[in-house]
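Q: coordinates only, no sequence provided:
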DNA sequence: CGGAGGTTTGAAAAGAGTCAAAGGTCGTGG
DNA sequence: CCACGACCTTTGACTCTTTTCAAACCTCCG
């Protein structure tokens, strides 16, 4: 079952589980803390959060951080790398529901039922901090600022999902891809990288899956945008992304 | 601005705001408590929740319980009636992101930014309990069971959104409507009504908007399902809904 | 350096959208 | 309480975007 196909779980592959202590790194010193759960926490709250986050996991490209159906007990915060989350229809069709970069919190959908509801697959070699949820909830009761952070993260996830629904329900193919690229560019910018030059971590098929399109449609749209000077593209490498031009083509959002 | 077009706010239309005390009703005695925030709370936790929920609001058909952009300070729990929530694209296109029946909690997407991100419009004369969020969060810190309920509700919302993304991204028109009807039937059943006989509270256009389809497509599909004996439909009245038959036509989910 | 997997492009098909028109229903005001 | 108007629904005919199928090429990893 899912248990065995999953990448390095704490119990099964201790080599890939890293004690935070060993690395002498903590949320309080993490360079992505302003993108992650610690946003807005003061020094004392951060110290308490340090006590919650005790391990990390390395996940190789293609491996799963979590599988739908797994028992839920921890959230994972992406530290390095990129993940995709996917939900499965009963007939086997799969929908990618998001791409998560550093700072994102994975597993929030598992709280409700006590089982993970989606797969999280690494798109490149990645690293995530493990947050035992019960422990986190406990600390959140004592630290209002952390409670607020957690509420905000859950709420932000809902807002993001609504934006994707809007894209899937109302935008045409060209608008969806334009919005997706603008969004990717902005997420790179938020992480201190150029918004207009980056490497796609996902295939055309994965972009299409996420946007409710076929891979051929995505490929044709890249060609069109390239022809029209909205970007330069060589395989997965995107250059000179014209954010404003694309925003106009997107009906302005994703 | 939005403020003035909104239905009966506490400050502006006290006539429509009802003190819970006056009605001598509480969460602890509410007949939908097993569909709402109180799920799984014990007597003592319920008593504390009673202290949070002090007012109700009546909202007439077509009026807004909340508007995108409004300052966020309260959640609302649907007591009677039905709402739709909609998000707006910058160019004015609108996507319905959900239909909420009794027990649903509205406003969760506003926690992140402190502003509501969607409109909530009553589809029939409705009534909602008002939950001041700061107060609720405070009580949740003291009452772990309530904290857990709140986390679960937020998480469940994320799960629901993912199912809609799956429908919008991967299902064909016929499958989307079939899944929608099965889902509606089951929600009626969960509320003690027949799963196969109900009145639609939304127009064909609204169903289409929610499912990423045009109203004509929805109308044609109703005719097709009716022709094939999967349901009987007279305007908004649906009878003899064949749940199993429709489930098969849905690729099995929504 | 060999092959699997990923990408591009074309041509044809299909599903859903658009436009149009007519009939139905509901709620409100007279 | 009835009539009118606004809005909703149905159905047909046609259009068009996107999918499907196919083939060739690329490229990157082991």
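A: Nice, thanks for sending it over. On a predicted model such as this, the values are computed, not experimentally measured, just so you know. Residues are numbered from 1 along each chain as shown, chains lettered A, B, ... in the order given.
Q: is the one residue sitting closest to the centre of chain A bridged to anything, and to what?
A: Nearest to the geometric centre of chain A sits residue A:100, at 1.1 Å (C-alpha atoms, centre = their mean). Taking DSSP bridges as the rule, residue A:100 bridges to residue A:83.
Q: what sits against it?
A: A:78, A:82-85, A:106, A:120 (C-beta atoms under 8 Å, 6 or more residues apart in numbering or on different chains). In this view, the C-beta of every residue, glycine as well, is placed from N, C-alpha and C.
Q: try 7 Å
A: A:78, A:82-83, A:85, A:106 (C-beta atoms under 7 Å, 6 or more residues apart in numbering or on different chains).
Q: doesn't residue A:182 make contact with residue A:247?
A: Yes - counting by C-beta atoms under 7 Å, residue A:182 is a contact partner of residue A:247 at 5.3 Å.
Q: ok, those two, which is more surrounded?
A: A side-by-side neighbour count of residue A:247 and residue A:182, using other C-beta atoms under 10 Å in any protein chain shown, places residue A:182 first with 24 against 19.
Q: okay, and that one sits in which element?
A: helix A:173-190 (DSSP states H and E).
Q: need the residues of the stretch 151-254 of chain A near DNA strand C, please.
A: Within the stretch 151-254 of chain A, the residues that sit near DNA strand C (C-beta under 7 Å from any atom of the strand) are A:203-205, A:215-216, A:219-220, A:222-223, A:233, A:235-236.
Q: could you report the pLDDT at the residue nearest to the centre of chain A?
A: At residue A:100, the model reports a pLDDT of 97.
Q: same question, the one 5 residues further on
A: With respect to pLDDT, residue A:105 scores 98.
Q: swap in residue A:182?
A: 97.
Q: got it, and the one 4 residues further on?
A: In this model, residue A:186 is scored at 96, pLDDT.
Q: correct me, but it touches residue A:196?
A: No - using C-beta under 7 Å, residue A:186 is not in contact with residue A:196, being 10.5 Å away.
Q: coming back round to it: filter the residues of the stretch 151-254 of chain A next to DNA strand C to the buried ones?
A: Neighbour counting with 16 or more other C-beta atoms under 10 Å in any protein chain shown marks A:204, A:220, A:222, A:233 as buried within these.
Q: among the residues you listed, which lie within strands?
A: Residues of those located in strands (DSSP state E): residue A:233.
Q: and of the buried ones among the residues of the stretch 151-254 of chain A next to DNA strand C, the nearest to residue B:28?
A: residue A:204 (55.1 Å; C-beta to C-beta).
Q: please report how far residue A:63 lies from residue A:79.
A: 16 Å (C-beta to C-beta, to the nearest Å).
Q: what parts of chain A come near chain B?
A: Within reach of chain B by C-beta under 7 Å from any C-beta of the partner chain, chain A has these residues: A:87, A:89-91, A:93, A:95, A:97, A:108-109, A:111-112, A:117-118, A:137, A:141, A:144, A:147, A:151-152, A:154-159, A:161-162, A:164-166, A:168-170, A:212, A:251-253.
Q: could you rerun that using 6 Å?
A: A:87, A:89-91, A:93, A:95, A:97, A:108-109, A:111-112, A:117, A:141, A:151-152, A:154-159, A:161-162, A:164-166, A:168-170, A:212, A:251-253 (C-beta under 6 Å from any C-beta of the partner chain).
Q: mark which of those are part of strands, please.
A: A:87, A:95, A:97.
Q: ok, back up a step: near DNA strand D, anything from the helix or strand just after the helix holding residue A:182?
A: Using DSSP H and E, the helix or strand that follows helix A:173-190 in sequence is strand A:198-199. No - Strand A:198-199 does not reach DNA strand D (C-beta under 7 Å from any atom of the strand); its nearest approach is 10.3 Å.
Q: what strands flank strand A:198-199, and is each parallel or antiparallel?
A: Counting by DSSP bridges, strand A:198-199 is paired with strand A:237-239 (antiparallel).
Q: tell me who's in contact with residue A:176.
A: A:167, A:211 (C-beta atoms under 6 Å, 6 or more residues apart in numbering or on different chains).
Q: residue A:78 too?
A: Residue A:78 neighbours (C-beta under 6 Å, 6+ apart): A:100, A:102, A:104, A:128.
Q: out of the residues you listed, which is nearest to residue A:190?
A: Once C-beta to C-beta is applied, the member of these that ends up nearest residue A:190 is residue A:102, at 9.7 Å.
Q: quick one: contacts for the closest one?
A: Residue A:102 touches A:32, A:78, counting by C-beta under 6 Å, 6+ apart.
Q: the longest helix seen in chain A near DNA strand D at all?
A: Identified as the longest helix of chain A according to DSSP state H is helix A:144-170. No - remark: helix A:144-170 sits outside contact range of DNA strand D, by C-beta under 7 Å from any atom of the strand, the gap being at least 10.7 Å.
Q: report the buried residues of that helix.
A: Neighbour count says helix A:144-170 has A:145-170 buried, by 16+ other C-beta under 10 Å.
Q: which elements pack onto it?
A: If contacts are counted by 3 or more C-beta pairs under 6 Å, 6 or more residues apart in numbering or on different chains; DSSP states H and E, helix A:144-170 sits against helix A:133-142, strand B:94-100, helix B:144-170.
Q: dump those into TSV; add distance to residue B:55 as well.
A: Output for the helices and strands packed on helix A:144-170, formatted as TSV (distance: least, C-beta to C-beta, whole Å):
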stretch	distance to residue B:55
helix A:133-142	26
strand B:94-100	19
helix B:144-170	19
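Q: quick one, phi/psi of residue A:203?
A: With angles defined as degrees, to the nearest 10, residue A:203 sits at phi -80, psi 170.
Q: C-terminal to the helix or strand of chain A with the lowest mean pLDDT, what's the next element?
A: Among the helices and strands of chain A, helix A:2-5 carries the lowest confidence by mean pLDDT, DSSP states H and E, at a mean of 43. Downstream of helix A:2-5, the next assigned helix or strand under DSSP H and E is strand A:17-19.
Q: average pLDDT for that following strand?
A: 74.
Q: strand partners of that strand, parallel vs antiparallel please.
A: Here, using DSSP bridges, strand A:17-19 pairs with strand A:55-59 (antiparallel).
Q: and whichever helix or strand comes after the strand it pairs with, what does it pack against?
A: Downstream of strand A:55-59, the next assigned helix or strand under DSSP H and E is strand A:64-66. For strand A:64-66, the packing partners by 3+ C-beta pairs under 6 Å, 6+ apart come out as strand A:119-122.
Q: next, residue A:128: secondary structure please.
A: What DSSP: H, G, I helix; E, B strand; the rest coil gives for residue A:128 is strand.
Q: where does it land on pLDDT?
A: Residue A:128 is given a pLDDT of 96.
Q: could you find the closest non-adjacent residue to it?
A: Counting by C-beta to C-beta, 6 or more residues apart in numbering or on different chains, residue A:128 lies nearest to residue A:76, which is 4.1 Å off, once chain neighbours are set aside.
Q: please apply the same query to residue A:164.
A: Nearest one to residue A:164, counting by C-beta to C-beta, 6+ apart, is residue B:165 at 5.7 Å.
Q: and residue A:110, by the same measure?
A: residue A:72 (3.4 Å).
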